[in-house]
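In: Could you work out the structure for the sequence below:
(one chain, ligands or ions: 1)
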Amino acid sequence: MAPHLQAGASDPTLAPVAQTAKKSGWAVLIPTSTRHSRVILICSCYLHACKCGFYGDSTHECRCTPGQIQHYLGKISGPLLDRIDIHVEIPSVPFKELRGNPTTESSAEIRVRVEQARTVQRARGFYNSRMLARDVRKVCALDDAGERTLEMAVRRMGLSARAHDRVLKVARTVADLDQSPTVTAKHLAEAVQYRSLDRNYWT
Ligand SMILES: [Zn+2]
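Out: Next comes the predicted model:
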């Protein structure tokens, strides 16, 4: 399973990404340098989540033991995942759903919401992805229910300080897309969903 590495990885800050991609079989686009650029890193892990290939598949039964799954997923390092804002699993789609008539938001509608959210963030002075650690608590202040949800997530998922901040920033973005001035438990819960590959699961 050859990794798909495109472009070089001469910048030392990118070396861990290149190494993990090589080891795990990720498809990664790596720029030659981060010196004058802001990087959006999108990785597609086409490695199956277990040896038999059916872990998390609702249409087939996985026959691997928890130990085997743990070993298999351990190829991807926690510190690397900590540095990625969002990771989601995409399960296979049953045929019926593929042929169904989805009543979801159109891309044009989503674009309007995204542009509104970006306008809100510009007015705040920075995009959420560029939020400094010292601003996180203030800008991503939670209500009581949100605090409880966050505490539970940190405890159950064993989130690092870095992952904790990323969850809050993503929750702020979810709230911005919802045109909500406050970050509620609902927004936070959605952000937590986007940390599905976190360390207690992968190491
Ligand atoms: Zn399996």
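In: Mind splitting this protein into its structural domains?
Out: 4-98, 105-202 (automatic domain parsing).
In: out of those, nearest to the ion?
Out: With CB to the ion as the criterion, the ion lies closest to domain 4-98 of the domains of the chain, at 3.3 Å. C-beta coordinates here come from the backbone N, C-alpha and C atoms, glycine included.
In: Let me see the mean pLDDT of that closest one.
Out: If you average the pLDDT over domain 4-98, you get 68.
In: How about stretch 131-151?
Out: Averaged over stretch 131-151, pLDDT sits at 91.
In: Format the CA atom coordinates belonging to that stretch as CSV.
Out: Taking C-alpha atoms only, stretch 131-151 is exported to CSV below (Å, rounded to 0.1, in the frame of the first residue of the first chain):
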residue,chain,number,x,y,z
MET,A,131,-7.2,32.1,16.8
LEU,A,132,-4.3,32.4,19.4
ALA,A,133,-4.4,30.1,22.5
ARG,A,134,-4.8,33.2,24.7
ASP,A,135,-8.0,34.2,22.9
VAL,A,136,-9.7,30.8,23.0
ARG,A,137,-11.3,31.0,26.4
LYS,A,138,-12.8,34.5,25.7
VAL,A,139,-13.9,34.0,22.2
CYS,A,140,-15.2,30.4,22.7
ALA,A,141,-16.8,31.0,26.1
LEU,A,142,-19.3,28.3,26.9
ASP,A,143,-22.6,28.3,28.8
ASP,A,144,-23.0,25.9,31.8
ALA,A,145,-24.3,23.0,29.7
GLY,A,146,-21.4,23.5,27.3
GLU,A,147,-18.9,23.4,30.1
ARG,A,148,-20.3,20.1,31.4
THR,A,149,-20.3,18.6,27.8
LEU,A,150,-16.7,19.7,27.4
GLU,A,151,-15.6,18.3,30.7
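In: List the buried residues for it?
Out: By 16 or more other CB atoms under 10 Å, the buried positions in stretch 131-151 come out as 131, 136, 139-140, 142, 146, 149-150.
In: Output those as CSV; include the columns distance to the ion.
Out: What follows is these, written out as CSV (distance: CB to the ion, whole Å):
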residue, distance to the ion
131, 38
136, 38
139, 41
140, 37
142, 37
146, 36
149, 31
150, 32
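In: and the domains of the chain, which is most packed in?
Out: Most buried of these, by mean neighbour count (mean count of other CB atoms under 10 Å): domain 105-202, with a mean of 16.
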